[in-house]
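*Asks:* Mind looking at a prediction? Sequence and model below.
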Amino acid sequence: MKSACVSKFSDQMPNLDKSCFKVPQQSLLSPNQLSTHPPRILMLYGSLRERSYSKLLTLESAKLLEAMGAEVRVFDPLDLPQPDAAPDTHPKVKELRDLAAWSEGMVWCSPERHGAMTGIMKSQIDWIPLSLGAVRPTQGKTLAVMEVCGGSQSFNAVNQMRILGRWMRMLTIPNQSSIAKAFLEFEENGRMKPSAYYDRVVDVMEELVKFTLLTRDIAPYLVDRYSERKESAEELSKRVNQKSI
C-alpha cells in the first residue's frame with residue numbers, strides 16, 4: 001500500500017522524500033498488547049498560598065482520579081527555583097522532570113492572576129524541557145487544564161495552558177474546568193462542595209482517564225512525523241541544543 005501510493009503520486013510531488021513517507025495505517029492504531037498498569041497522572045498547581053484553591057482543586061481531582069483507577073502524583077512547587085536560576089541538577093527540578101518522564105498524562109491547575117496563569121504555574125512548565133537530546137518528555141502525553149478564579153468565571157488561564165500544551169506536543173483533552181469565586185466552592189476542611197462546577201471537574205477527570213487509556217499505547221505512532229523521520233536523531237539534537245555564541 002505504501003509503495004503503490006508513493007509511486008502513484010511521486011511524479012506530482014517531487015519534493016516528497018519517498019524513503020521517509022508513510023501512509024497512515026488503521027491497523028497501527030490498535031496496539032498488539034495493551035498496558036495493564038494504572039494510568040499514571042502528574043498534577044501541577046499554581047499557588048503557594050496557605051489556603052490555595054488551585055491546590056485544593058488539584059487534591060480534589062486527585063481523589064477522583066484515584067477512584068477511577070489512576071496512579072496519581074502531585075508535585076509541590078514550594079522551593080522550585082525560577083527557570084535558569086539553578087542548574088537542572090537541583091533536587092526540585094530533578095523531581096519535577098522525573099515525574100514528567102514517569103507520567104502518561106498531566107493535569108495543570110492555575111489561579112487566574114492579572115488575567116493570566118500565575119508565574120508559579122509557568123515556572124513549573126518552563127522547567128519541563130521540550131527536549132532532552134532528541135527525546136521530548138511531554139510528547140504524546142495527555143493533558144487536562146483547569147483554573148480557579150477569584151471573581152467571575154474566566155478562561156484566560158486555561159486558554160494559555162492549552163497553547164502551552166500544544167507547543168509541548170501534548171494531547172490536550174477537549175473538556176476543561178474554570179471555577180468562578182472559588183472561595184465559595186470549598187468547605188473549611190478543603191473538600192469541594194457539591195455544585196455544577198464539581199460535576200464538571202468529575203467530567204474532566206473522567207475524560208482524561210479515557211483519553212489516556214485510549215492513546216498511551218499508541219502515543220509513539222500518533223506523534224511520529226514525516227519531517228522528523230527526514231532528520232536523524234543526531235541532527236535533531238544538534239539543532240535544538242545549539243549553544244549561544
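*Replies:* Nice, I can see it.
*Asks:* Are we agreed that residue 144 is in a strand?
*Replies:* Yes - per DSSP: H, G, I helix; E, B strand; the rest coil, residue 144 lies within a strand segment.
*Asks:* who are the neighbours in contact with it?
*Replies:* Each residue near residue 144 by Cβ atoms under 8 Å, 6 or more residues apart in numbering is listed here: 105-108, 172-173, 175-176, 204-205, 207-208. All C-beta spots, glycine's among them, are computed from the backbone N, C-alpha and C.
*Asks:* Tell me where the model's unsure across the chain.
*Replies:* Along the chain, the model assigns pLDDT under 70 to residues 1-11, 132-135, 232-245.
*Asks:* Just list what the longest strand that it contains packs against, helices and strands only.
*Replies:* The strand that spans the most residues within the chain, counting by DSSP state E, is strand 105-113. The elements that strand 105-113 packs onto, with contact taken as 3 or more Cβ pairs under 8 Å, 6 or more residues apart in numbering; DSSP states H and E, are strand 40-45, helix 53-67, helix 119-127, strand 142-148, helix 156-167, helix 196-215.
*Asks:* If we use 6 Å, what do you get?
*Replies:* With contacts taken as 3 or more Cβ pairs under 6 Å, 6 or more residues apart in numbering; DSSP states H and E, strand 105-113 sits against strand 40-45, helix 53-67, strand 142-148, helix 156-167.
*Asks:* Is residue 178 in a helix, a strand, or coil?
*Replies:* Under three-state DSSP, residue 178 falls in the strand class.
*Asks:* give the contact list for it.
*Replies:* Listed by Cβ atoms under 6 Å, 6 or more residues apart in numbering, the contact set of residue 178 reads 147, 153, 155, 158.
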